[in-house]
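1. What would the 3D arrangement of this be:
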Amino acid sequence: MASILRILIIAFLFYLAVWVIRGLVRPAKGRGETDDEAKELVSDSLTGVFFDKRKALTVLRDGEIHYFASAETRDAWLRQNSN
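-> From the prediction side, this is the model:
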């Protein structure tokens, strides 16, 4: 009986060690992105808020690209900077 209990304890400790090692090796959620999927942040030209470049609205003005998080901030910036 004692040998069965000893085997069960060893098996449990082995399982626990594997579980801990897997947790250390596996990337945390949100950190498993590849370089291609990594978010490049840009700043909204009106508000200064940083956001994902892939979701940006853009305006090309005088050879410079301006990024906007929404159509509202883009339109407000265009009204302020109309030439």
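
2. The residue lying closest to residue 66 once chain neighbours are set aside: neighbouring residues, count only.
-> Among residues not flanking residue 66 along the chain, residue 45 sits closest, at 4.1 Å (C-beta to C-beta, 6 or more residues apart in numbering). For the C-beta atoms, the positions are set from N, CA and C on the backbone; glycine is no exception. Neighbourhood size, residue 45 [other C-beta atoms under 10 Å]: 21.

3. these two touch, right, residue 45 and residue 69?
-> No. Using C-beta atoms under 8 Å, residue 45 is not in contact with residue 69; the gap is 9.6 Å.

4. Could you find the closest non-adjacent residue to residue 49?
-> Leaving out its chain neighbours, the residue that sits closest to residue 49 by C-beta to C-beta, 6+ apart is residue 69, at 6.0 Å.

5. where do the helices sit along the protein?
-> Along the chain, counting by DSSP state H, helices occupy 2-25, 71-80.

6. Below-threshold pLDDT in the chain: ranges please.
-> Applying pLDDT under 70 to the chain picks out residues 26-38, 83.

7. ok, residue 15 to residue 25 distance?
-> Going from residue 15 to residue 25 by C-beta to C-beta, to the nearest Å gives 16 Å.

8. neighbour count winner among the two?
-> Comparing residue 15 with residue 25 by other C-beta under 10 Å, the one with more neighbours is residue 15, at 10 against 7.

9. Spit out the contact partners of the more buried one.
-> Neighbour list for residue 15: empty [criterion: C-beta atoms under 8 Å, 6 or more residues apart in numbering].

10. ok, now how distant is it from residue 21?
-> Relative to residue 21, residue 15 is positioned 11 Å away (C-beta to C-beta).

11. List the contacts of residue 52.
-> Taking C-beta under 8 Å, 6+ apart, we find residue 52 in contact with 39-41.

12. Bridged to it, which residues?
-> residue 41 (DSSP bridges).

13. now do the one 5 residues further on
-> Beta-bridge partners of residue 57, counted by DSSP bridges, are residue 68.

14. pretty sure it is touching residue 72, no?
-> No. Contact criterion C-beta under 8 Å: residue 57 and residue 72 do not qualify, at 10.0 Å.
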